[in-house]
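Student: requesting a structural model of the entry that follows:
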Amino acid sequence: MRVVTYLLAVLFLVSAVRYNPPREEYDVVVYGGTSAGIIAGYTAKQLGKTVLVIEPGRHLGGLTTGGLGATDIGNKYAVTGLAKDFYRRIGSYYNKFEQWTFEPHVAQKVYDDYIRKANLDIVKSYRLKDVKTAGGWIKQIVVENSDKPQKSTDRIIRAKMFIDATYEGDLMARSGVSYTIGRESNEQYGETYNGIRLSLFHQLPEGIDPYRERGNPASGLVWGVQEGEFGEHGAGDKSIQAYNFRLCLTQDKQNQIPFSKPDNYEPERYELLLRILEKEKWTTIRSGFTRDTLPHGREIIHHTGNYLIKNMPNGKTDFNNFGGFSTDMIGANHDYPEGDYETRRRIWKEHEDYTKGLLYFMANDPRVPAHIREDMQSWGYARDEFQEYGGFSPQLYVREARRMVSDIVMTQAHCERREEVEDGVGMAAYGMDSHNCRRIVVNGMVKNEGDVQIGLGIPYPISYRAIVPKRTEIKNLLVPVCLSASHIAFGSIRMEPVFMVLGQSAATAAVMAIDAGKAVQDVDVKALQRNLKENPLADGSSPEILVDNDHPEWVEVSGNWSTGRGGYGKNHFSMNARPDATEFVKYTPEIKEEGEYEIFMYFANFQRLTGKISIRVQNGSLVRDVSIKTDEIRELGLPSGDWVSLGKYKVTRGKNCSVTVLGRGDGKHVVADALIWLPQRK
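Tutor: Residues are numbered from 1 along each chain as shown. A predicted model of the protein is given here:
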């Protein structure tokens, strides 16, 4: 009897050990292996902390490695620190200084390099199960295996600081932090582009019948059209902008996987597309539009094609949504932000089936005009991308889910610089951009609702308070992705380079909070800003010297130069070039460390640039004249601009090296914008 009792006790102890998850402790835990998450983990590790990055899925890098290869920038001045370093590492792969369009596998290689360099610990396929808080601090989280959740494989993880870098904001929400979902009314924050609204762009043409049997409401709505009324213009609701997949496609037959019939293929899903094709008479699938005015004076936009196609290196492209019916699965994602894991899996799969079905339908259905079918058949998935997934992107574009509500909320006023924060730890510059949120019946016609495209161009700062919870809430959590912003401001901020910048800022703040023994809300923001400026690569290396044209101490202007909006940063100088011009703009920075520097000059894609721009570089007693042929400046896929090297120079300390842009030319424009003195690493 004693033996039996002993064996039962041993079995009980073994069982208890087996179901008691191991406890792990780190300085910083990053939840979400997105672009922000990888950069945050790398930063904290480089700054001397123990770090764990937890990714609920198998894919690392988020949209940056998931098909979004044509980077949404707005203004490159907003991209700093390790985010800028990322695009320069991409550039080095393509033998350029910087590269903003790239193949997904190249982005993955760059992130892999960061991970290896920092020896970063990453756990994939583990998702959040529970969060324990006490006194306003996260004490521990419990994560479970995403593929086969069972208590025996759970992990208990403790950390001094946590960073939620997911697109969904799950750790933020589970911690009890305030958040919102959907669109605020314009009235709530004094905005004009928020809430319910109809747009001319990405809209269906006039007169598209919404019913399965045309003209018969009793037959029910066509697939993809939602029940419900339009509502009041500018009113708030719980709708979010549509999700899609950014597709890496190619016309290279040697590197192509043809579109095949997907799971759950339902041709009736694309009835609206057929009705659009009847009215719009496309000649190609590529995006295009013209403006027209109806007899009663109302403006209308005629779309042609339904894919915004951006070229990338090596014959590949980034396919994105365009027009009234495209890859955006409008209205199908409203349950995603608050959905449980099974709900999200279902919605994700529905988006995948819809997208694959759209490509197959357009390439094969006999009701599609023959020339459109032939155009679509010329494309296929890139065989050497996403090989584990048959060439299809493994990352759903979760454009918007939860958004934190903190002591400050970034709004339209911040985007337009009518209000400006002093505690900025990153910048944004993309336009206020929302994809459509609903597809409904308006005046008896199908209409998309929610599209917003309002350009900005000039970067604006993002408050540190927008990436930390309210002071009265969690004290050891930072949220660089689902940050505190209104729907329309988030539409501007939500770009991958900005998420990287904020990921670095969040990690640096987390390290400072640990070292000072403080809550994240009590971090010295001025010191944080200095750290980000003086140690932009988080490795102690000397930062580059950026001299923009509006730097008063280092820039001398002679003659009648005009100041124009945009370029690199806020503005640029320009003048009409003349063969005998004596006007110039001279850049002379203060060099603090002697050594070899490569000098770069920025050229935005302005119209009517003079064919040759004359530049004089003076380095001590050395004078070198450099001519830049502007028609040779090319940047693949994006209209922003590019850096041109003026050569390498051994520079001494002080103000002994200058670059002078001369006003000479052929009557077109000479532009003087930003320059960089880049220290060369040994």
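Student: got the residue ranges for the helices in the stretch 301-450 of the chain?
Tutor: Listed in chain order, the helices of the stretch 301-450 of the chain (DSSP state H, counting those that start in this stretch) span 341-364, 370-377, 412-415.
Student: deepest-packed of those helices, please.
Tutor: Burial of these is given as mean neighbour count (mean count of other C-beta atoms under 10 Å); helix 412-415 ranks first at a mean of 24. All C-beta atoms are positioned from the backbone trio N, CA, C, and that covers glycine.
Student: now for that one, which elements pack on it?
Tutor: strand 460-463, helix 487-493 (3 or more C-beta pairs under 8 Å, 6 or more residues apart in numbering; DSSP states H and E).
Student: now render those as a markdown table, adding distance to residue 441, mean pLDDT and mean neighbour count.
Tutor: Below are the helices and strands packed on helix 412-415 laid out as a markdown table (distance: least, C-beta to C-beta, whole Å; pLDDT from 0 to 100; neighbours: other C-beta atoms under 10 Å):
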| stretch | distance to residue 441 | mean pLDDT | mean neighbour count |
| --- | --- | --- | --- |
| strand 460-463 | 38 | 98 | 24 |
| helix 487-493 | 23 | 98 | 27 |
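Student: okay, the helices of the stretch 301-450 of the chain in a markdown table with distance to residue 614 and mean pLDDT next?
Tutor: Listed next are those as a markdown table, based on distance: least, C-beta to C-beta, whole Å; pLDDT from 0 to 100:
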| stretch | distance to residue 614 | mean pLDDT |
| --- | --- | --- |
| helix 341-364 | 50 | 98 |
| helix 370-377 | 45 | 98 |
| helix 412-415 | 38 | 98 |
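Student: residue 550 is nearest to which of those?
Tutor: helix 412-415 (20.7 Å; C-beta to C-beta).
Student: that older thread, which one of the helices and strands packed on helix 412-415 lies closest to residue 661?
Tutor: The closest of the helices and strands packed on helix 412-415 to residue 661 is strand 460-463. By C-beta to C-beta, the value is 27.4 Å.
Student: just checking, next helix/strand downstream of the closest one?
Tutor: On the C-terminal side of strand 460-463, the nearest following helix or strand under DSSP states H and E is strand 477-478.
Student: the strands in the stretch 151-300 of the chain, which residues?
Tutor: Shown for the stretch 151-300 of the chain, the strands assigned by DSSP state E, counting those that start in this stretch span residues 155-164, 179-181, 247-250, 256-257, 288-293, 299-304.
Student: mind giving me the domain ranges of this structure?
Tutor: 23-180+401-432+455-534, 217-389, 545-679 (automatic domain parsing).
Student: could you dump the helices and strands packed on helix 412-415 into a markdown table with distance to residue 124 added?
Tutor: A markdown table is the format used below for those (distance: least, C-beta to C-beta, whole Å):
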| stretch | distance to residue 124 |
| --- | --- |
| strand 460-463 | 29 |
| helix 487-493 | 27 |
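Student: of the ones you listed, which is nearest residue 218?
Tutor: Counting by C-beta to C-beta, residue 218 lies closest to helix 487-493 out of the helices and strands packed on helix 412-415; the figure is 35.8 Å.
Student: turn the helices of the stretch 301-450 of the chain into a markdown table, including distance to residue 391.
Tutor: Supplementary listing: those in a markdown table, determined by distance: least, C-beta to C-beta, whole Å:
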| stretch | distance to residue 391 |
| --- | --- |
| helix 341-364 | 10 |
| helix 370-377 | 16 |
| helix 412-415 | 37 |
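Student: mind listing what's buried in stretch 497-515?
Tutor: 497-514 (16 or more other C-beta atoms under 10 Å).
Student: cool, and stretch 254-274?
Tutor: Buried, per 16+ other C-beta under 10 Å, within stretch 254-274: 255, 256, 257, 259, 262, 269, 270, 271, 272, 273.
Student: which member of those is positioned nearest residue 576?
Tutor: residue 255 (47.0 Å).
Student: now go through the buried residues of stretch 497-515 and say which are in helices.
Tutor: Applying DSSP state H to the buried residues of stretch 497-515, the entries found in helices are 497-514.
Student: got CSV for the strands of the stretch 151-300 of the chain, with mean pLDDT and distance to residue 437 too?
Tutor: Output for the strands of the stretch 151-300 of the chain, formatted as CSV (pLDDT from 0 to 100; distance: least, C-beta to C-beta, whole Å):
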stretch, mean pLDDT, distance to residue 437
strand 155-164, 98, 24
strand 179-181, 98, 12
strand 247-250, 98, 22
strand 256-257, 98, 32
strand 288-293, 89, 21
strand 299-304, 88, 19
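Student: so which of these gets nearest residue 432?
Tutor: Checked against C-beta to C-beta, the stretch from the strands of the stretch 151-300 of the chain lying closest is strand 179-181, at 17.4 Å.
Student: start to end distance for stretch 512-532?
Tutor: Using C-alpha to C-alpha, to the nearest Å, one end of stretch 512-532 lies 12 Å from the other.
Student: an error on my part: the question was meant for stretch 280-297.
Tutor: End residues of stretch 280-297 are separated by 21 Å (C-alpha to C-alpha).
Student: and for stretch 546-553?
Tutor: End-to-end distance for stretch 546-553, by C-alpha to C-alpha: 13 Å.
Student: can you start the count at 214 instead of 1 from here on
Tutor: In the new count, where the first residue is 214, that last one comes out as stretch 759-766.
Student: report the buried residues of that stretch.
Tutor: 759, 760, 761, 762.
Student: swap in stretch 441-452?
Tutor: Buried residues in stretch 441-452, counted by 16+ other C-beta under 10 Å: 443, 444, 447, 448, 449, 450, 452.
Student: which of those sits closest to residue 731?
Tutor: Once C-beta to C-beta is applied, the member of those that ends up nearest residue 731 is residue 449, at 35.9 Å.
Student: I'm done for today, thanks for sticking with me.
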